[in-house]
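>>> Predicted model follows, preceded by the sequence.
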Amino acid sequence: MGEKSRPKTGVSHGLFEAAARVVGRQLEDVVNCAGGDINQAWKLRLDDGTEAFLKSRPGAPAREFKVEAAGLEWLAAVGELPVPEVLGVVPGEQPGLLLEWIEPGGRLDSNGEAALGRGLARLHRQEAAAYGQLPDGAPEGGLMVGPVNLGDFVDQDTQNGFGPCYARRLEGLARQAIDCGVVESDQVARIEKLCGRINEFAGPPEPPARTHGDLWSGNILVGTDGRPWLIDPAAHGAHRELDLAMLALFGAPSDRFMGAYREEFPLAPDHNERVELWQIQPLLIHAILFGGSYGAEAARAAGRYV
């Protein structure tokens with residue numbers, strides 16, 4: 001996806017010791033490691049030899065990490081694709097999330113790509129109770145993608161499809177993007193026009209699926225054994241094409257992956273017509289977080305339909 005990160009500075013005093021206390025251990029060592037585009041991250045070694053992954057950043061709300069922790073456990077409950085075990089949410093003035101350490105560095109070969117496709121399809125077959133449903137155990141409030149709140153839009157009316165829920169979400173994100181100064185008023189008008197006609201383009205209704213919610217290539221960690229792990233979710237009930245569209249936006253799903261997915265859970269014949277529609281959400285989120293051309297790309301995608 002390229003380098004998008006803004007500078008990350010400062011660590012709260014006692015953060016690492018607080019993380020060790022979450023699992024009732026003493027801290028032995030801390031090493032900086034890659035943590036994505038938003039958070040700082042460290043590899044912790046504890047006094048019993050356990051290695052753990054810690055992510056945090058100054059000013060982050062504890063709820064953000066609680067939502068992510070609930071999402072990881074929600075995905076893990078399906079048992080199809082591995083996710084890191086949640087060791088705990090670190091409390092305090094600088095909260096964080098403590099996870100099982102997964103040694104990276106493997107390569108996703110053709111068998112791994114097929115396993116990822118099958119596993120994601122089986123995950124999507126696990127229906128959610130509603131569009132916009134947060135994972136069991138998540139605190140009340142809107143869906144979080146990092147610090148961006150996507151709004152608390154839970155739609156029990158699944159007969160009308162994901163479109164109305166998605167439109168409300170896009171409208172909220174567009175307002176945030178305007179407030180951040182990363183989109184122009186005419187670009188927002190194009191997105192709002194699309195939202196007003198969303199049911200023309202959102203395709204046939206499907207039951208709400210259990211989705212990862214932030215599925216780009218960087219959120220698929222390949223272990224040293226070649227197994228794909230899902231990390232950093234914004235898990236919720238949504239149209240399953242949302243995950244596939246984001247993976248196509250910030251990645252390149254292979255034919256082996258897509259073939260295994262379709263074999264397990266066939267897609268609608270016209271699903272490619274909706275790829276850019278579902279990509280508007282991550283483009284707006286990226287505009288809010290990183291600025292640049294993402295807002296214009298979101299408006300261009302909306303213009304494809306209206």
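Done, it's in. Everything numeric in this text was worked out from a predicted model, so none of it was measured.

>>> My guess is Gln126 contacts Ala209. True?
Yes: taking contacts as C-beta atoms under 8 Å, Gln126 lies within contact range of Ala209: 7.2 Å. Where C-beta positions appear, they are placed from N, C-alpha and C, glycine not excepted.

>>> higher neighbour count, the two?
A direct count of neighbours by other C-beta atoms under 10 Å for Gln126 and Ala209 places Ala209 higher, at 23 against 16.

>>> is it true that the more buried one touches Tyr131?
No: using C-beta under 8 Å as the test, Ala209 is too far from Tyr131 to be in contact (9.5 Å).

>>> and for the two, which residues touch both?
Taking C-beta atoms under 8 Å, 6 or more residues apart in numbering as the contact rule, Ala209 and Tyr131 both touch 237-239.

>>> Could you point out which of those is nearest to Asn199?
Ranked by distance to Asn199 (C-beta to C-beta), the shared contacts of Ala209 and Tyr131 are led by His239 at 12.7 Å.

>>> low-scoring pLDDT stretches of this structure, where are they?
1-13 (pLDDT under 70).

>>> how about the helices of it, start to end?
Remark: helices assigned in the chain by DSSP state H are 15-22, 62-76, 110-125, 163-180, 185-196, 241-249, 255-264, 275-290, 294-303.

>>> Let's have the ones you listed in TSV, adding distance to Trp229 and mean neighbour count.
What follows is these, written out as TSV (distance: least, C-beta to C-beta, whole Å; neighbours: other C-beta atoms under 10 Å):
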stretch	distance to Trp229	mean neighbour count
helix 15-22	21	20
helix 62-76	10	22
helix 110-125	10	20
helix 163-180	27	20
helix 185-196	34	17
helix 241-249	15	23
helix 255-264	15	17
helix 275-290	20	23
helix 294-303	27	21
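
>>> Tell me which of those sits nearest to Pro228.
Proximity to Pro228, assessed across those by C-beta to C-beta, is greatest for helix 110-125 (4.4 Å).

>>> name the helices or strands packed onto the closest one?
The helices and strands touching helix 110-125, judged by 3 or more C-beta pairs under 8 Å, 6 or more residues apart in numbering; DSSP states H and E, are strand 209-211, strand 228-230, helix 255-264.
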